[in-house]
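Enquirer: The following block contains a protein sequence and its predicted model.
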Amino acid sequence: MEKRNELYSGKVKTIYATDDKKKVIMHFRDDATAFDGVKHEKLQRKGMVNNHFNAFIMEKLAAAGVGNHFEKVLNDNDSLVKHLDMLPLECIVRNIAAGSLCRRYGIKEGLELNPPLYELCYKSDELHDPFINECHARAFDWASDEELVVMQQQSIAVNNVLKPLFLEAGMLLVDYKLEFGRFGGEILLGDEFTPDGCRVWDAETREILDKDRFRKDMGDVVESYEIIAKRLGVGI
Ligand code: C5P
């Protein structure tokens, strides 16, 4: 597999073309960002930890029947993935109230959401990823009815796999964000699943182990990502 030109550079990952048009290389950098890129730091080892973390989760999901773009790890910071045509949407699943949900509705942090709450946002740093519903997505041609149904079903299927996986390892999967893309006639889960895009609390103490540590200047960000990884059995 030959690594070719850079196709896209996001806030924490860079995507490179390969000699196969249907595959790209996803490179995890050591960047950490929050508040739509306003806060930005380099954190040593973060790229490596997130690359292996993402591979572990994507393989668990694929094994449980949740199709996704992941193919294989190439080295500590690179993974080979299918080249998706990404939809400009963020699918959020919440098991416990936290973050923007609490700010938006005045809900107390920690409220259990059963069944889990599913939300859609429009992916735009400039607009601060505004909360939308399916009608907006259809009206602005961001996704078809069928695609919206698949994304919601797959987002909940992810929860059915990961919520128990985290709980068995002594952690609560509070919420997470997913992104999907088109591949042939299919909608597949793309992007990443790492502690950058989910909230994870210790099940006993409710200690924060995810990117909120970076957002809130709590320190030990990568160390906490490694704690989650080790508890889940990710080989780092
Ligand atoms: O900020 P909010 O509470 O809406 O975030 C819900 C979940 O989605 C959190 O786990 C957060 O890390 C993730 N998220 C993300 N990228 C965004 C927005 C939210 O990874 N742009």
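Expert: Noted; the coordinates are in hand. Residues are numbered from 1 along each chain as shown.

Enquirer: in stretch 141-157, what counts as buried?
Expert: Trp142, Ala143, Glu147, Leu148, Val150, Met151, Gln154, Ser155, Ala157 (16 or more other Cβ atoms under 10 Å). (Glycine included, C-beta is placed from N, CA and C.)

Enquirer: What is the three-state secondary structure of the second one?
Expert: To tie it back to what came earlier, the one meant is Ala143. Assigned with DSSP: H, G, I helix; E, B strand; the rest coil, Ala143 falls in the coil class.

Enquirer: same thing with Leu74?
Expert: Put simply, Leu74 is strand when judged by three-state DSSP.

Enquirer: Make 34 the first number, not 1, from now on.
Expert: With 34 as the first residue, the last one maps to Leu107.

Enquirer: Please, which helix or strand holds the nearest residue to it once chain neighbours are set aside?
Expert: On the basis of Cβ to Cβ, 6 or more residues apart in numbering, the spatially nearest residue to Leu107 that is not a chain neighbour turns out to be Leu113, at 5.6 Å. Remark: Leu113 resides in strand 111-115, with elements defined by DSSP states H and E.

Enquirer: who does that strand touch, helix- and strand-wise?
Expert: Contacts of strand 111-115 with other secondary structure elements, assessed using 3 or more Cβ pairs under 8 Å, 6 or more residues apart in numbering; DSSP states H and E, are made with strand 56-61, helix 79-96, strand 103-108.

Enquirer: Phe164 is nearest to which of those?
Expert: The closest of those to Phe164 is helix 79-96. By Cβ to Cβ, the value is 25.1 Å.

Enquirer: Who are the packing partners of the closest one?
Expert: The contact analysis (3+ Cβ pairs under 8 Å, 6+ apart) places helix 79-96 against strand 56-61, strand 64-67, strand 103-108, strand 111-115, helix 178-201, helix 254-265.
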